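Q: Please work out how this folds:
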Amino acid sequence: MFKSIGFLPSKLCFLSFIAAGLAFIQKADAQQSKLVNVASGWANNTVNTVVFRKNALVTWKDTQFIAFYNQQHYVVLGKRKIGSEKWELKQTSFTGNTADAHNCISIMVDGEGYLHVSWDHHGSKLHYSRSVSPGSLTMLAPLSMTGIEESSVTYPEFYRLANGNLLFLYRSGASGKGNLVLNRYDIKTHQWNQLYSNLIDGEGRRNAYWQAFVDVKGIIHISWVWRESADVASNHDLCYARSTDGGITWEKSTGEKYTLPVTAATAEYICHISQKSELINQTSMYADENGEPYIATYWKEKNDSVPQYHFVYHQQKKWYVQSLSFRKTPFTLSGGGSKRIPIARPQIISWISSNSRNIGIVFRDEERGNKLSIAVFKTNFPKNILIKDITDFSIGSSEPLYDTELWKEQKKLNFFIQYTEQIDGEGKADIPPTPVQVLEWNYSH
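A: Residues are numbered from 1 along each chain as shown. The predicted model follows:
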């Protein structure tokens, strides 16, 4: 339930919101949005299109990189000049167990232009490589990072810091019994070091499912839910931590320093959500120019059967929670493995227009024909939501993926697009390869 921030919108302000929202949508239609073909990719599950890929698509200077599995289970890398329709593609020698949708590919480009790739993880040894030179698609033989906590890796994620160094986050251990590992890469030495083998401690009884974001000031934001077992129904609560010094020390939103590792007893709880609330794990975060974090996720409220997208944000030293409340169809989450879910985990973006803070939550919902869609609203009018379908076609079971660095640096939205199908519990669909594409979605921000 939304907690008021202490004022009522005037009619004039409300009309201004509607006008701005319509301008956002109409500009997106009026300007040319372009769908660029890349190649064909594996589509029998969502291994190419899970939301926790950080990233599927990433820009460095004027070059955009992409990664996906093809039908033969090889990691394919590609690059193009921004705006070009011509991709240079290279099939690597790296393969993955594409039958498991957890085993996604994550990529990032460091401040020198080296491409970093991690692939094929679900409780397995680390698979990691770096390009032989800046801008190259040719990769070195698989490498170790630090040699510490590299035997049981899941959910690898890269993040680029403002100085060009990289962060690498992953879970060591298993669902319901794991720890969050944090490594950092130095572009001067070309070496990784492990900042923490256990940043958020499950204490052998639970683990943190996180989402992270590095803002323009270099602050690292992490939020997470706890899970008590392999059953997704045991997800509960929403917690937060941030680092202002590149991951060395961590604090709460109040500035209170954490004694590390963070545990269930010491974490900052920003929203209490009980188990069996259809609370999903691993969604997305964003943070504005002032370092204020925003989180998008979904769960169902008490006495309600319909899971709704929720917007959780920090403003004026307080946390606020808003249910978007536009969904009508109930569903339940339980069991292990990759689930077939009627909605996607969302992505969240933010921008300023007309001196107002705008929020965009990108999602996919069976209620809207499984199209890629966006819900747009302002932080001071969070109940006035405008919803727009970004595509006029279904993306199947795919979740939204976008080029985070291109958005952060240029406020341009490029989406990784592929129709994929997910059968519940790591099942495999029987469909041919489908086109991997990039959607350049233009709009006024």
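Q: ranges for the strands of the stretch 101-250 of the chain?
A: For the stretch 101-250 of the chain, applying DSSP state E, counting those that start in this stretch gives strands covering 105-109, 115-119, 128-130, 153-160, 166-174, 177-186, 191-196, 207-214, 220-227, 235-243.
Q: For stretch 176-194, list every residue counted as buried.
A: 176-185, 187, 192, 194 (16 or more other Cβ atoms under 10 Å). From N, CA and C alone the C-beta is placed, and that goes for glycine too.
Q: secondary structure class for Asp389?
A: Of the three states, Asp389 takes strand according to DSSP: H, G, I helix; E, B strand; the rest coil.
Q: How many residues are close by it?
A: Counted with other Cβ atoms under 10 Å, the neighbours of Asp389 add up to 13.
Q: before we move on, back to that, turn the strands of the stretch 101-250 of the chain into a markdown table, columns for mean pLDDT and distance to Cys271.
A: Below are the strands of the stretch 101-250 of the chain laid out as a markdown table (pLDDT from 0 to 100; distance: least, Cβ to Cβ, whole Å):
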| stretch | mean pLDDT | distance to Cys271 |
| --- | --- | --- |
| strand 105-109 | 98 | 27 |
| strand 115-119 | 98 | 30 |
| strand 128-130 | 98 | 34 |
| strand 153-160 | 97 | 22 |
| strand 166-174 | 94 | 22 |
| strand 177-186 | 94 | 19 |
| strand 191-196 | 98 | 24 |
| strand 207-214 | 96 | 14 |
| strand 220-227 | 97 | 9 |
| strand 235-243 | 98 | 4 |
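Q: low pLDDT regions in the protein?
A: 1-32, 335-339, 380-383, 425-426, 443-445 (pLDDT under 70).
Q: got a list of what the most centrally placed residue in it touches?
A: In the chain, the centroid-proximal residue (Cα atoms, centre = their mean) is Ser284; its distance is 4.4 Å. Applying Cβ atoms under 8 Å, 6 or more residues apart in numbering to Ser284 gives the contacts 51, 211, 213, 295-296, 345-348.
Q: Can you list which of these are found in strands?
A: Per DSSP state E, strands hold the following members of the contacts of Ser284: 211, 213, 295-296, 347-348.
Q: Can you list the residue ranges for helices in the stretch 1-150 of the chain?
A: Secondary structure of the stretch 1-150 of the chain (DSSP state H, counting those that start in this stretch): helices at 11-30.
Q: roughly how far apart are the nearest residue to Ser197 once chain neighbours are set aside and Ser172?
A: Nearest non-adjacent residue to Ser197, counting by Cβ to Cβ, 6 or more residues apart in numbering: Glu149, 4.8 Å away. For Glu149, the distance to Ser172 equals 4 Å [Cβ to Cβ, to the nearest Å].
Q: What is the burial count for Ala162?
A: By the criterion of other Cβ under 10 Å, Ala162 has 13 neighbours.
Q: That one is in contact with Gly218, isn't it?
A: Yes - if you go by Cβ atoms under 8 Å, Ala162 and Gly218 touch, sitting 4.5 Å apart.
Q: part of a strand, is Glu405?
A: No - secondary structure of Glu405 (three-state DSSP): helix, not part of a strand.
Q: my read: it touches Thr59, true?
A: Yes - the criterion here is Cβ under 8 Å, and Glu405 meets it with Thr59 at 5.0 Å.
Q: what touches both of the two?
A: With Cβ under 8 Å, 6+ apart as the test, Glu405 and Thr59 both reach Val109.
Q: Can you show me the CA trace of stretch 42-60 as CSV?
A: C-alpha atoms of stretch 42-60 as CSV (Å, rounded to 0.1, in the frame of the first residue of the first chain):
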residue,chain,number,x,y,z
TRP,A,42,18.3,-21.0,-29.1
ALA,A,43,14.6,-20.5,-28.1
ASN,A,44,13.6,-23.7,-26.4
ASN,A,45,13.8,-22.0,-23.0
THR,A,46,14.6,-18.5,-21.7
VAL,A,47,18.4,-18.9,-21.2
ASN,A,48,18.9,-16.1,-23.7
THR,A,49,16.2,-13.9,-22.2
VAL,A,50,16.3,-14.1,-18.4
VAL,A,51,16.2,-10.8,-16.6
PHE,A,52,19.3,-11.4,-14.5
ARG,A,53,21.6,-11.3,-17.6
LYS,A,54,23.9,-8.4,-16.8
ASN,A,55,24.2,-7.8,-19.7
ALA,A,56,22.9,-9.3,-22.9
LEU,A,57,23.6,-6.0,-24.7
VAL,A,58,26.2,-3.4,-23.7
THR,A,59,27.7,-0.3,-25.2
TRP,A,60,31.2,1.1,-24.9
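Q: before we move on, the earlier item: the residue nearest to the centre of the chain bridge partners, please.
A: With DSSP bridges as the criterion, Ser284 is bridged to Ala296.
Q: Check the gap between it and Ile341 for me.
A: Computed with Cβ to Cβ, the distance linking Ser284 and Ile341 is 16 Å.
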